[in-house]
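Student: give the three-dimensional model of this entry:
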Amino acid sequence: MDDIDRKLLTLLQVNADLPLSEIAKRVGISSTPCWNRIKKLEEQGVIKYKVSLVDKEKVGYAVTVFLSISVSNHNLDWFAEFEKVVMRYNNILEVHRLTGSSADYLLKIIAKSIEEYDAFQQQLISEIQFTGMSSSISLKEVKNSKQIPV
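Tutor: Got it, this is the predicted structure:
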């Protein structure tokens, strides 16, 4: 990966809808080599997706909750079932396995209200085997960047 690839990635992370001619102009190459570089980055898996980011509050999701889950059973069968459960729910935006914490997993969940989240958490309780669960409600999102420094 060279400086031109890095410039391409930086531009595309800000606005993937830029016309190819504009992208090429901004990185200092012609359109065909620019297109070829973008395709190569996609084929290599460096560019994973092209998506539109939606403002969650403008579509009704006013609540963000970080749910910490502790488990005693760390076998593959438990994890396979856990993975199936979390993949079923679109309002679970992120799932991370942790170390150095009292929790084993951290889930980022959005909901339209505290009441909706409470009902959702009760549903999860019935589906996941765990030893401890703790919810932290985000009061204000200070930073939420999807841009990876390249």
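Student: tell me which stretches of this structure form strands.
Tutor: In the chain, the strands defined using DSSP state E lie at 63-70, 92-97, 105-111, 132-137.
Student: how about the nearest residue to the spatially most central residue of the chain, chain neighbours excluded?
Tutor: With distances taken as C-alpha atoms, centre = their mean, the residue of the chain nearest its centroid is residue 94 (5.3 Å). Taking C-beta to C-beta, 6 or more residues apart in numbering, and ignoring the residues beside it in sequence, residue 94 has residue 108 as its nearest neighbour in space, at 4.0 Å. Just so you know, the C-beta spots here come from the backbone N, C-alpha and C atoms, and that holds for glycine as well.
Student: from what I can see the one you found touches residue 64, true?
Tutor: Yes. Counting by C-beta atoms under 8 Å, residue 64 is a contact partner of residue 108 at 6.9 Å.
Student: more neighbours: which of the two?
Tutor: residue 64 (20 against 15; other C-beta atoms under 10 Å).
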